[in-house]
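Student: Starting from these lines, generate the structure:
(2 chains)
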Amino acid sequence: MIKLEFYLVISTLMFFIGIFGFITRKSMIAVLISLELVLNAVEINFAAFNRFLFPHQLEGMFFALFGIAITAAETAVALAIIINAYRKLGNININDASKMRG
Amino acid sequence: MNPIVNLILFSILGLAMLLLSVFAITTKSLLRSATYLLLVLICTAGIYLFLNYHFLAAVQVSVYAGGVVILFVFAIFLTTKKDEALLPHEKKRYLYAALMILFGTGVTFFMLWKSKFLFSNNTVVFGDEQLSMQLIGQTLMGTEKYQYLLPFEVLSVMLLACIIGGILIARKDKEL
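Tutor: Here you go, the predicted structure:
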């Protein structure tokens, strides 16, 4: 019998793995990949809470759906910014990002 | 399906997902990191299938695993030289991060252990019933309570803004 807690444990661990990557990675794209892990964990939470606690409503599922769409848009803009930074700086280390102030 | 088999499959999926997440944030090559991210996202679609949200799993595979990862791969090709390994961060940064996530997971697991969720053990939710596409479409397109036409339209405007913003930001400046 799969309980709600199992889903929550998985998503919690995934969330904090993402936070760890967010703090320790040095490339901007790697930071963005860690961010994807964090957002993914949040969406698992929405879906699991909806299914277990309010199975006759659909709010959590639709929130996860809109969350997926917003994440995709956010990734596209962030990658555009990263490509522009690469053109200006020649690399994508986060330590050089402060040089973008101009 | 047999509950025990279900539980075993779920455990394998969850363990694979966590292991692949760890690989995604520790591997030296960016392209491998994106590949591990792809596998994590597909495993997440499997989790949604366990929750009986078939439409959400399909969206996850097509939008995330199909669209976002391709974007990542192209951005990596455009910005990374061949065989370039990722630089490690300062040692102090790892220490701070480890302390932070230990504290965070500790607090979250304590809260999980202490809280009793109402109905969290109900077995009603595990019928074979799945959401009909008709219900999803009506909920997404309706204007009554618990229906989501306005967020849907706002989201389409936001996607338009993202397209324009992406073009403006990534455009080559002629004078530079």
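Student: domain ranges for chain B?
Tutor: B:1-101, B:132-176 (automatic domain parsing).
Student: hey, which of those domains is tucked in deepest?
Tutor: The highest average neighbour count among the domains of chain B, using mean count of other CB atoms under 10 Å in any protein chain shown, belongs to domain B:1-101 at a mean of 17. Where C-beta positions appear, they are placed from N, C-alpha and C, glycine not excepted.
Student: I'd like the domains of chain B as CSV, with mean pLDDT and distance to A:Leu4 appended.
Tutor: Output for the domains of chain B, formatted as CSV (pLDDT from 0 to 100; distance: least, CB to CB, whole Å):
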stretch, mean pLDDT, distance to A:Leu4
domain B:1-101, 88, 10
domain B:132-176, 84, 22
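Student: out of these, nearest to chain A?
Tutor: domain B:1-101 (3.1 Å; CB to the nearest CB).
Student: ok, back up a step: out of the domains of chain B, nearest to A:Ile19?
Tutor: Closest of the domains of chain B to A:Ile19 is domain B:1-101, at 5.7 Å (criterion: CB to CB).
Student: List the buried residues in the longest helix that chain A contains.
Tutor: Secondary structure of chain A per DSSP state H: the longest helix is helix A:59-89. For helix A:59-89, burial by neighbour count (16 or more other CB atoms under 10 Å in any protein chain shown) applies to A:60-69, A:71-86.
Student: Give me the packing partners of it, helices and strands only.
Tutor: helix A:28-53, helix B:54-59, helix B:69-79, helix B:149-170 (3 or more CB pairs under 8 Å, 6 or more residues apart in numbering or on different chains; DSSP states H and E).
Student: what about the first one, distance to the chain center?
Tutor: Between the centre of helix A:28-53 and the centre of its host chain there is 6 Å, according to CA atoms, centre = their mean, to the nearest Å.
Student: Is it in proximity to chain B?
Tutor: Yes - applying CB under 8 Å from any CB of the partner chain, one finds helix A:28-53 touching chain B at A:29-30, A:32-34, A:36-37, A:40, A:43-44, A:47-48, A:51-53.
Student: by contact count, what packs against that helix?
Tutor: For helix A:28-53, the packing partners by 3+ CB pairs under 8 Å, 6+ apart are helix A:4-24, helix A:59-89, helix B:3-26, helix B:30-50, helix B:69-79.
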